[in-house]
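S.K.: structure, please.
(one chain, ligands or ions: 2)
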Amino acid sequence: MTIIHNLGLPRIGARRELKWALESYWRGACAVTEPLTVARDLRARHWAMQASAGCHYVTVGDFSLYDPMLDMSARLGVVPARFGWPGGPVDLDTYFRMARGRAPTGQPAFACEMTKWFDTNYHYLVPELASGQVFALSRDDLFEQVEEAKALGHAPKVVMVGPLTWLWLAKAQDDFAKLELLDALLPVYGQILARLAGQGVTWAQLDEPILVLDLPPEWRTAFERAYHVLQSAGLKIMVATYFGGLEDNLITAARLPVAGLHVDAVSAPDELVQTVDWLPATKVLSVGCVDGRNVWRADLDGALDRLAPIHARLGDRLWLAPSCSLLHVPLDLTVETGLDPDIKSWLAFARQKLDELATLARALEQGREAIAPVLEENRAALAARRASSRVRDPAVRARLAAVKPEDGHRASPYAERAMIQRARLKLPLYPTTTIGSFPQTADIRATRRDYKAGRIGQAAYEEKMRAEIRHAVAVQEQLGLDVLVHGEAERNDMVEYFGEQLAGYAFTSDGWVQSYGSRCVKPPIIHGDVARPAAMTVAWSAHAQSLTHKPMKGMLTGPITMLKWAFARDDQPWRDTALQIALALRDEILDLEAAGIGVIQVDEPAFREAMPLRANQRKAYLAWAAEAFRLATAGVADATQIHTHMCYSEFNDIIAAIADLDADVITIETARSNMELLDAFAGFNYPNEIGPGVYDIHSPNVPEVEAMTRLMRKAAARIPPERLWVNPDCGLKTRAWPETEAALANMVAAAKRLRGTGSVVA
Ligand code: GLN
Ligand code: ZN
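M.R.: Ligands and ions are numbered 1, 2, ... in the order given. As a prediction, this is how the structure comes out:
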């Protein structure tokens, strides 16, 4: 029998039940029993969903009240000293304080750092290792959930983050120190596995996605050592890898002394046969054959063509699974009633993907004839998608084919543009600006809800937004900022706002995907060629410019971010989609320019996140990513100043590509890293202008004039002052007005002091 199983399900709930229960508990509005009851109920429902889809095991351990990496840290007793944990079982409020800095009980402390899980938009909590870190089994959640599943009559397969991946992602003084901790770590993993075995669990899935990364040889060796130790735990271990091919780690992975290996055959289909060749004759191979990260229906015929020869070789040792945890897709397509029916017929969310696996398994067992009607329907849907006019727009294709190399280059080099822009914009030294958004007040959000629900009309909505713009402009003029923004009151989300106005994007009503903790996003679906039927931002920006003599900065989301924060098409390379988006943005930028907007910012916060995990694929990515950015921006005259913004602080390995964007100005996040990241810009001799953020917008604290002046002086020691801007780290939409005004007043004062025109009183 071909076993199907699941690597993980979305856990937040179809109606985000977990989010509401957790947030209510954190607010102190309910007892802890409430989120715990909701959690138990969700687990039961999700196990039932897997069982009824025909999964032979239900997955236990993918559920989390905040994050599975944090769960693992708590189980291992890795709690940073600042949380005052006395040892013993890690209680829930300590766990929540590690995640959020605060909980209904206990002293607040700095939350653990959060960062992106591989190349996804899911964020995990980074484990922090102390020197001489000890490990001790400190949380029983997994064992309790196993009992829960058994009581409901399910056969549990337990999943947890594997020891090498957990360690790799942890923060320590240096990598060498981390690996030295492995020997201390393994006994606790062994203890957990042995207890699970004692509970009657037969399979444990240990997630080791770092096997798809470029690993130093000592880490590869550590894999062998670790799994030799763990093999005696008394249950079968499946090592799960995903998000890419194994490449030079393939032999290591295939030969680990464990009972099973899971591989991602969606992102690395060509490696499958080789993996089977290397697989020892006793081992189970779980083939990730439906895409766990994207929303498209599987091509069942294509999958069966690939799987059938492997099934012939492996027989019952072949298991089927999604390529990775289904955490990265929404739970259930059937609740989407507003989607265009054609587009809906091309999609599969988590629940539908489990059904696809069951269909594939049945076909392998009983032959394709046994599922002929299902295959027929799948073929028809795929054929309809390929032929649909919603997918291919000949005008977009013709235009892209006609792009000339010079379309991707500004007319003159930066040095010449800078002089022309200086003459036009007449900005002082250390010009001040902000990143785009101003506080999205409850009032703004309520107005948008009223508008969407039809309680107020378009005219009333637009007048309210114009009033917000007037307010934002007045505040900025009064503060004395140099380059103003309109404040983005009219935008719900920086991708959704544009996607809704572009052809080729579709939106779900409940397609929530967890981003971190209780927070979810609803990524749009790019289903077809992207085009811009009409101007998107010109009216707002022109209105804003009409209110001031200062330069008003136009504000757009760049092609890479528009692509990466959506579900991308799987029927053409990312590059092609990015270039289509770039052409749409190019038109918008030229329209803004024609409307008198002399400064235009194209945000690319996802530029780094979209970078391939493997070094050997990065060059190609960076080349087309820069190509797309330049195609969007290079059509403007020399006098128009192009800004870009990226809100993170690691540029060392991409600095050449950043320079390749040829933006006149880049604003980045530096406040928290104390300007250290500017070393990348200084070392590379970054040629254009930079605004290193001096105001950490993630904190409600108002930064002092002195602190910001000091940061800028540090910057000026690395970058010539004529090329420096003064600005916050990121947009201000999550902040409130009073702190925003106070912080920006200090920021302007710091700039004046730097120019030598401010008060000399410290
Ligand atoms: N212009 C956007 C804003 O200010 C940029 C957001 C971002 O970088 N994530 O909100
Ligand atoms: Zn940002």
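S.K.: going forward, measure contacts and count neighbours with C-alpha atoms only.
M.R.: Noted.
S.K.: how close does the residue nearest to the spatial centre of the chain get to Pro605?
M.R.: By C-alpha atoms, centre = their mean, the chain has its centre lying nearest to Asn121, at 1.4 Å. Using C-alpha to C-alpha, to the nearest Å, Asn121 is found at 12 Å from Pro605.
S.K.: go ahead and confirm Leu254 touches Thr282.
M.R.: Careful, residue 254 is Ala; it's not Leu. No. Look at Ala254 against Thr282 with C-alpha atoms under 8 Å: they stay out of range, at 11.3 Å.
S.K.: of these two, who's got more company?
M.R.: Ala254 (24 against 11; other C-alpha atoms under 10 Å).
S.K.: now do the contacts for the more buried one.
M.R.: 261, 275, 278-280 (C-alpha atoms under 8 Å, 6 or more residues apart in numbering).
S.K.: lowest average confidence, helix or strand, in this protein?
M.R.: Using mean pLDDT, DSSP states H and E, helix 175-180 stands out as the lowest-scoring helix or strand of the chain, at a mean of 79.
S.K.: next SSE after it?
M.R.: helix 182-198 (DSSP states H and E).
S.K.: report the rounded mean pLDDT for that next one.
M.R.: For helix 182-198, mean pLDDT rounds to 98.
S.K.: who does the helix or strand immediately after it in the chain pair up with?
M.R.: Next helix or strand after helix 182-198 toward the C-terminus (DSSP H and E): strand 203-207. Paired with strand 203-207 in the same sheet, following DSSP bridges, are strand 156-161 (parallel), strand 236-240 (parallel).
S.K.: make CSV out of these and add distance to ligand 2.
M.R.: Formatted as CSV, the strands paired with strand 203-207 follow (distance: least, C-alpha to the ion, whole Å):
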stretch, distance to ligand 2
strand 156-161, 30
strand 236-240, 34
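S.K.: do you know which of those lies nearest Leu304?
M.R.: strand 236-240 (21.7 Å; C-alpha to C-alpha).
S.K.: show me what counts as buried in that closest one.
M.R.: Buried residues in strand 236-240, defined by neighbour count with 16 or more other C-alpha atoms under 10 Å: 236-240.
S.K.: go on, stretch 105-115?
M.R.: By 16+ other C-alpha under 10 Å, the buried positions in stretch 105-115 come out as 108, 111-112.
S.K.: ok, residues contacting it?
M.R.: 82-83, 93-94, 97-102, 123-128.
S.K.: can you select the buried ones from these in PyMOL?
M.R.: A single PyMOL command selects the buried members of these (16+ other C-alpha under 10 Å):
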select buried, resi 83+93+94+97+98+99+100+101+102+123+124+125+126+127+128
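S.K.: can you pick out the most distant pair from the contacts of stretch 105-115?
M.R.: Greatest spacing in the contacts of stretch 105-115, by C-alpha to C-alpha: Arg82 and His123 (21.9 Å).
S.K.: what's around Gln274, how many residues?
M.R.: 12.
S.K.: enumerate the residues of the chain near ligand 2.
M.R.: 647, 730 (C-alpha under 5 Å from the ion).
S.K.: Leu375 belongs to a strand?
M.R.: No. Per DSSP: H, G, I helix; E, B strand; the rest coil, Leu375 lies outside any strand segment and is helix.
S.K.: isn't it right up against Gly302?
M.R.: No. With contact defined as C-alpha under 8 Å, Leu375 does not count as touching Gly302 (10.7 Å).
S.K.: returning to what we had before: columns distance to Ile655 on top of the strands paired with strand 203-207, output as TSV?
M.R.: Shown next, in TSV, are those (distance: least, C-alpha to C-alpha, whole Å):
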stretch	distance to Ile655
strand 156-161	32
strand 236-240	33
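S.K.: quick one: closest of the ones you listed to Ala489.
M.R.: Using C-alpha to C-alpha, the strands paired with strand 203-207 put strand 156-161 closest to Ala489, at 40.6 Å.
S.K.: that closest one: which residues count as buried?
M.R.: 156-161.
S.K.: contacts only, for the closest residue to Ser509 other than its chain neighbours.
M.R.: Computed as C-alpha to C-alpha, 6 or more residues apart in numbering, the closest residue to Ser509 that is not its neighbour in sequence is Glu336, at 6.3 Å. The contact partners of Glu336, taken as C-alpha under 8 Å, 6+ apart, are 508-511.
S.K.: what about the strands in the stretch 651-762 of the chain?
M.R.: Here the stretch 651-762 of the chain has its strands, by DSSP state E, counting those that start in this stretch, at 665-668, 689-692.
S.K.: could you dump those strands to CSV with mean pLDDT and mean neighbour count?
M.R.: As requested, these are exported to CSV (pLDDT from 0 to 100; neighbours: other C-alpha atoms under 10 Å):
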stretch, mean pLDDT, mean neighbour count
strand 665-668, 96, 25
strand 689-692, 96, 26
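S.K.: would you turn those into JSON lines with distance to Lys752?
M.R.: What follows is the strands of the stretch 651-762 of the chain, written out as JSON lines (distance: least, C-alpha to C-alpha, whole Å):
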{"stretch": "strand 665-668", "distance to Lys752": "19"}
{"stretch": "strand 689-692", "distance to Lys752": "16"}
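S.K.: before we move on, the earlier item: give me the more crowded residue out of Leu375 and Gly302.
M.R.: Ranked by neighbour count (other C-alpha under 10 Å), Leu375 and Gly302 place Leu375 first, with 19 against 9.
S.K.: tell me how far that one lies from Arg297.
M.R.: 12 Å.
S.K.: Ser131: how many residues sit nearby?
M.R.: Per other C-alpha under 10 Å, the neighbour tally for Ser131 reads 11.
S.K.: right, I mislabeled it, should have said Leu547
M.R.: Quick note: Leu547 (other C-alpha under 10 Å) scores 14 neighbours.
S.K.: residue contacts, it?
M.R.: 470, 473 are the contacts of Leu547 under C-alpha under 8 Å, 6+ apart.
S.K.: for it, grab phi and psi.
M.R.: phi -90, psi 0 (degrees, to the nearest 10).
S.K.: ok, it to ligand 2 distance?
M.R.: Going from Leu547 to ligand 2 by C-alpha to the ion, to the nearest Å gives 26 Å.
S.K.: got it, and Ala395?
M.R.: Distance from Ala395 to ligand 2, by C-alpha to the ion: 34 Å.
S.K.: same question, Ala74
M.R.: In this view, Ala74 and ligand 2 are 31 Å apart by C-alpha to the ion.
S.K.: neighbours of that residue, just the number please.
M.R.: 26.
S.K.: so Met675 touches Ala716, yeah?
M.R.: No. Assessed by C-alpha under 8 Å, Met675 is found out of contact with Ala716, at 10.2 Å.
S.K.: those two: which has the busier surroundings?
M.R.: Neighbour tally, Met675 and Ala716, criterion other C-alpha under 10 Å: the higher count belongs to Met675, 20 against 16.
S.K.: pLDDT wise, what is the more buried one at?
M.R.: pLDDT recorded at Met675 is 79.
S.K.: next one: Thr670
M.R.: For Thr670, pLDDT reads 86.
S.K.: count the residues that sit near it.
M.R.: Thr670, neighbours per other C-alpha under 10 Å, totals 26.
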